[in-house]
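> this one's structure only:
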């Protein structure tokens, strides 16, 4: 593997793991086991059948949980502690036998990229949950699955394109951080109100802004 391919594998898998970790591991494991791709020694741990089966099972669970309003946000919140470390581990394993400094740098960069993709996904889902209809959740979930699986394919077929996508997305996510945090704040308020059993925002009694009239 050349430098571009290695960097694409490290940052690409970190990015897709922030979107859908189980789809990423299952796709890597299946493709590596059946020799559709060549994984470096540091990522061969994704190839055992038991791990592939576990990743597939968890992907199926996530496939349904990810499409239920509010449950998807709870699932994402819990997976903050899984997807981001996993992104760092995947990036660390992808760079192979290099100096410890480069391995540590790859792990830190992978964690940052996974944080950007996971954080953007979680904030977007929180904002979507301010709408009561479930169709938007389904559309977002299917799109995320397609992006994660397409990303794994791009890593090995068009590594330079994948790098542009990853760094472009990460840079955009950092630049839009205030807006992403605002989306997350609004979504958390919606979830809190949902648990309390009342609308996230109080109804507007007089939307025209005209002074109230009193009948006699």
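Looks like it arrived, so ask away. Everything numeric here is computed off the predicted structure, so don't read it as measured data.
> Let me see the mean pLDDT of the lengthiest helix in the chain.
Of all the segments of type helix in the chain, defined by DSSP state H, the longest one is helix 3-33. For helix 3-33, mean pLDDT rounds to 95.
> downstream neighbour of it in the secondary structure list?
Later in the chain than helix 3-33, the nearest helix or strand by DSSP states H and E is helix 49-65.
> buried sites along that next one?
Residues of helix 49-65 classed as buried: 52, 55, 56, 58, 59, 62 (neighbour count, 16 or more other C-beta atoms under 10 Å). Every C-beta, even on glycine, is put in place using the N, C-alpha and C of the backbone.
> between those residues, which is nearest residue 70?
Closest to residue 70 out of the buried residues of helix 49-65 is residue 62 (15.1 Å), distances taken as C-beta to C-beta.
> buried set for stretch 74-88?
Of the residues in stretch 74-88, 75, 76, 79, 83, 84, 85, 86, 87, 88 count as buried by neighbour count, 16+ other C-beta under 10 Å.
> I'd like the distance between the first one and residue 181.
This points to residue 75. Applying C-beta to C-beta, to the nearest Å, the value for residue 75 to residue 181 is 20 Å.
> do the third one as well
Using C-beta to C-beta, one gets 19 Å for the distance from residue 79 to residue 181.
> for this structure, what are the low-confidence residue spans?
Applying pLDDT under 70 to the chain picks out residues 132-133, 183-184, 186-216.
> do that again at 50, thanks
Along the chain, the parts satisfying pLDDT under 50 run over 199-209, 215-216.
> Could you check how far stretch 22-29 is from the centre of its chain?
Put simply, stretch 22-29 sits 14 Å off its chain's centre (C-alpha atoms, centre = their mean, to the nearest Å).
> Okay, buried residues for it please.
Across stretch 22-29, burial judged by 16+ other C-beta under 10 Å covers 22, 23, 24, 25, 26, 27, 28, 29.
> Turn these into CSV, including distance to residue 113.
Below are the buried residues of stretch 22-29 laid out as CSV (distance: C-beta to C-beta, whole Å):
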residue, distance to residue 113
22, 18
23, 17
24, 12
25, 16
26, 20
27, 18
28, 16
29, 21
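> Can you tell me which of these is nearest residue 40?
Of those, the one sitting nearest to residue 40 (C-beta to C-beta) turns out to be residue 28, at 11.1 Å.
> right, and that closest one touches residue 153 too?
No. The pair residue 28 / residue 153 is not scored as a contact, 11.0 Å apart, by C-beta atoms under 8 Å.
> Quick check: residue 97 vs residue 56, distance?
Noted for residue 97: a distance of 30 Å to residue 56, by C-beta to C-beta.
> Residue 172: neighbour count?
Residue 172 has 12 neighbours, counted by other C-beta atoms under 10 Å.
> Is it within a helix or a strand, and which one?
Element membership for residue 172, per DSSP H and E: helix 159-175.
> Give me the helices and strands touching that helix, please.
On a contact count with 3 or more C-beta pairs under 8 Å, 6 or more residues apart in numbering; DSSP states H and E, helix 159-175 meets helix 3-33, helix 100-128, helix 135-157.
> Ok, which of those comes nearest residue 167?
Closest approach to residue 167 among the helices and strands packed on helix 159-175 is made by helix 3-33 (7.5 Å; C-beta to C-beta).
> how far does the closest one sit from the chain's center?
Offset of helix 3-33 from its chain centre (C-alpha atoms, centre = their mean): 12 Å.
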